[in-house]
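1. I'd like to go over a predicted model; first the sequence, then the structure.
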Amino acid sequence: MAKVSIGLRGWRFDEDAVFDAEGMLKRMTAMPPDARERILRLTALVGEPCDACYIEHGEAAIEQCNAGAIVYGEPMGEVLLCDAHESDFLYWFREEGGQELAGTREMANGFQAWFDDGNRAPAGYSGLDHVEEAPEQLPAFDPHEIQGLEDDLQEMDEAEREALDVDLGDLDLDVDL
C-alpha cells in the first residue's frame, strides 16, 4: 500500500485510508480514526510557523519565521519544523534522548524546552534526505481543497462531529463547533 505525505512532510498515510478510487479526499467519516485525526490536524498546521523559528523570533517578529514544512510526533503534541531546523530536531531526537518521548504527546514540549535552552545540532549535522518514490503515482492533492473538509464538518450535526472522536477545537475552520 502506498504511503502519502499530505501538506507537510513527516506524517504518512495509507493511500486507501485517505483517498477514494478517483484520488479525491474521502469523507472524514470514511477514514480510519488515526488518519482522520492527522488529516484534521494538518489543516491546523498548514501555514503555521516553524516551532524553532518561533522560539527564536517570538510573536513580535513572527514575520521572520519560516512556515513549517515537516511534522514529527503525535497530533496535538507534534513538532512543526522548517527545513533549516529539521537537523536540530533530529539531533535532539537521536543524540539527546528525544527518542524516549517518541509516540507521546510530550515530545513537542521536550524538543521545544531543549531548543529554548539554546541547544542546537552541531554544525554539519545531517538531517534526512527526503526522497519521493514514484511521485507520478500519488493522487493529486491541492492543500487549498481543505474546503471539502470544512463542508464535510458543516454537513454533520453535533452528534456526528462528536462521534469522530477528535479534538476540533484547535482548527481554524469556518464551521460552528
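-> Sure thing, it's come through.
2. tally of neighbours for A67?
-> 14 (other C-beta atoms under 10 Å). Placement of C-beta: from N, CA and C, glycine included.
3. what's the answer for E56, then?
-> Here the count is done by other C-beta under 10 Å, and E56 has 14 residues near it.
4. next: A21.
-> 8.
5. phi, psi for it please.
-> phi -60, psi -30 (degrees, to the nearest 10).
6. compute the distance between it and A30, please.
-> 12 Å (C-beta to C-beta, to the nearest Å).
7. just the buried residues of stretch 42-60, please?
-> Applying a neighbour-count criterion of 16 or more other C-beta atoms under 10 Å, the buried positions in stretch 42-60 are 42-46, 49-55, 57.
8. please convert the residues you listed to CSV, extending it with distance to G124.
-> Below are the buried residues of stretch 42-60 laid out as CSV (distance: C-beta to C-beta, whole Å):
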residue, distance to G124
L42, 31
T43, 36
A44, 34
L45, 29
V46, 31
P49, 25
C50, 20
D51, 22
A52, 18
C53, 21
Y54, 25
I55, 22
H57, 24
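9. dump those to CSV, plus pLDDT.
-> What follows is these, written out as CSV (pLDDT from 0 to 100):
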residue, pLDDT
L42, 82
T43, 81
A44, 83
L45, 87
V46, 83
P49, 96
C50, 97
D51, 97
A52, 98
C53, 98
Y54, 98
I55, 98
H57, 97
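10. now, which of these sits nearest A159?
-> Nearest to A159 out of these is T43 (C-beta to C-beta; 21.7 Å).
11. who does the one helix or strand that closest one maps to touch, helix- and strand-wise?
-> Assigned by DSSP states H and E, T43 belongs to helix 33-45. Applying 3 or more C-beta pairs under 8 Å, 6 or more residues apart in numbering; DSSP states H and E, one finds that helix 33-45 makes contact with strand 13-14, helix 15-18, helix 147-155.
12. now do the second one: distance to the chain's middle.
-> When you say that, I think you mean helix 15-18. In terms of C-alpha atoms, centre = their mean, to the nearest Å, the centre of helix 15-18 is set 17 Å apart from its chain centre.
13. what is that helix packed up against?
-> strand 3-4, helix 33-45.
14. looking at these, which is buried most?
-> Per-stretch averages of neighbours, counted by mean count of other C-beta atoms under 10 Å, single out helix 33-45 among the helices and strands packed on helix 15-18, with a mean of 19.
15. beyond that one, next helix or strand please.
-> For helix 33-45, the succeeding helix or strand toward the C-terminus, using DSSP H and E, is helix 51-57.
16. which other helices and strands contact that following helix?
-> In terms of contacts (3+ C-beta pairs under 8 Å, 6+ apart), helix 51-57 is packed against strand 79-81, helix 83-95, helix 107-116.
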